[in-house]
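> All I have is the shape, not the residue letters:
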């Protein structure tokens, strides 16, 4: 029997969160990024695009990604006002972006540039944690 932190296949269920700041938008992907997250990925893409800000995607905790995740990254890269930044991709994600050639339309960074804790209206979100400005 799978525990609450695992899906029926034994992997971590996926999640997507959008953090809107005043200077950039961060999308955080974790666990298994597959068709199960399809609707959430569409909503995250719409939120990131609507912000009109540069977008970075934190993928360091992705344990699995299929074509749904690759399509999401390609969509973000094509609609972002600047080059999409991918933060600390694990080997699986590196392989997928290389074989699909989307590595040419994004920039991979190993050092986390940090979260923009200033809300889009210019005010401080009042939190000390990494979840400030969390949208989805």
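Looks like it came in fine. Bear in mind the structure is a predicted one, so any value in this text is a computation, not a measurement.
> Pull the distance from whichever strand in the chain runs longest to the chain's centre.
Using DSSP state E, we find that the single longest strand of the chain is strand 55-65. Averaged C-alpha coordinates place strand 55-65 at 6 Å from its chain's average position (Cα atoms, centre = their mean, to the nearest Å).
> Tell me the first helix or strand C-terminal of that strand.
For strand 55-65, the succeeding helix or strand toward the C-terminus, using DSSP states H and E, is helix 67-79.
> Which secondary structure elements does that following helix sit against?
Counting contacts by 3 or more Cβ pairs under 8 Å, 6 or more residues apart in numbering; DSSP states H and E, the secondary-structure elements packed against helix 67-79 are strand 25-33, helix 38-51, strand 55-65, strand 84-87, helix 91-99. In this view, the C-beta of every residue, glycine as well, is placed from N, C-alpha and C.
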